[in-house]
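Colleague: got a predicted structure here, sequence first:
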Amino acid sequence: MTSKTTLALEAAVAVILENRPKDGATPTNRQRVNVDRAHAQIMKLIAPRIRHFVRQYGLTNYFEDAEQCCAIAVHRAVEAYDPEKAQFTTFVNWQIRGELQSLRFRVMTDQRPSAKRVAATTVSLNAIVDSDGEMGSFLDAVEDELAVETTESAASDYLAGEAKSSLIDAYVDQLRKVGMEALARRPLPKRQEAALRKELPRLRVNGIAAAEVEKLEATIAREREIVEGRLFSGASLEQLAAETGVTAERVRQITKRAAKAIAGIAAADPRFTVMAEAGRPASKRPQARANKASILPDAALPHNRLSHVAAVDQFTPNHQSFVDASAALMQ
């Protein structure tokens, strides 16, 4: 015996099928209204069934998502409905089951066959129990207490590395400038000068033989390696001497000269002001001069001094003439 709900669903679906436009035509306003009313009637009739399936699939905590999936299932069931094959109840039941099963696999991954084989368990991100048995949030569980300290330390290391590279580059540029100037000033034997003039322009750099420039660059590269290893990496004199092929005493001389030059660069370049003042005692650091300027004029200046005071007798003729003139103007 067919139930009243099944008959009502069949009637609602029949209304939707009757109001469908044919051959891709645009539906009229009346057809849209009839279809919307029929869909609302279907959702009202199967609402108890939807709640039953949601509880059956264990999705009560995701009821809103499950309700939306069921609405999608109803639309798909209407589109796929064929009265000659089965009743609409059968179509809609299987569509709802399929949508809820798909939703459960998405929100509860431990229900999948692959998860069951490895005994996976779904953990709620909004309801985590700590060691004391109290409920907490996911953010509390993943919060890193050392995050700020670690970030600041990494940023400091990065800035220190960039400053070190900039200092070494500035020192190398200074070495190159001094070396090129020395090569330009150095007199050459006449034969060597004549041979230099015969060389092609591409073999000369600012009038200096390319071979001399290559030697200078090799020397600068070696000194850079020594400075980086000794001043910034803490390598020993013997280790650098073995790596670069120079004596330990020469390594000491190079690093001593480089340390003095780099200190001068750091003090002169505003980019390294903080680094230059870091190792300086607080008493020797330049202090900002206090502004002692007063809003009152300086009494010691010549134009602010009173030269002399002269008494004026009010009964003198000149004074009387001035008083008479002032009175006449006021009138």
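Modeller: On my side now, so go ahead. Numbering: from 1, shown residues only.
Colleague: ok, and what's touching stretch 73-83?
Modeller: Outside of stretch 73-83, the residues within contact range by CB atoms under 8 Å, 6 or more residues apart in numbering are 10, 13, 16-17, 39, 42-43, 46, 88, 91-92, 94-96, 98-99. C-betas here are computed from N, CA, C, even on glycine.
Colleague: do that again at 7 Å, thanks
Modeller: Residues from elsewhere that reach stretch 73-83 (CB atoms under 7 Å, 6 or more residues apart in numbering): Val13, Ile16, Ile42, Met43, Phe88, Phe91, Val92, Gln95, Ile96, Glu99.
Colleague: what domains does the record give for this structure?
Modeller: Domain ranges of the chain: 4-128, 148-280, per automatic domain parsing.
Colleague: still on that earlier bit, list buried residues within the contacts of stretch 73-83.
Modeller: Buried members of those, scored by 16 or more other CB atoms under 10 Å, are Val13, Ile16, Ile42, Phe88, Phe91, Val92, Gln95, Ile96, Glu99.
Colleague: among those residues, name the ones in helices.
Modeller: Members of the buried ones among the contacts of stretch 73-83 lying in helices (criterion: DSSP state H): Val13, Ile16, Ile42, Phe88, Phe91, Val92, Gln95, Ile96, Glu99.
Colleague: where do the helices sit along the stretch 151-300 of the chain?
Modeller: Secondary structure of the stretch 151-300 of the chain by DSSP state H, counting those that start in this stretch: the helices cover 190-198, 210-227, 237-244, 248-268, 273-278.
Colleague: Val107 is nearest to which of these?
Modeller: Nearest to Val107 among the helices of the stretch 151-300 of the chain is helix 273-278 (52.9 Å), distances taken as CB to CB.
Colleague: give me the mean pLDDT for the closest one.
Modeller: On average, the pLDDT along helix 273-278 is 60.
Colleague: what does stretch 214-228 give?
Modeller: Mean predicted lDDT for stretch 214-228 stands at 88.
Colleague: what do you get for stretch 49-62?
Modeller: Here the average pLDDT along stretch 49-62 is 88.
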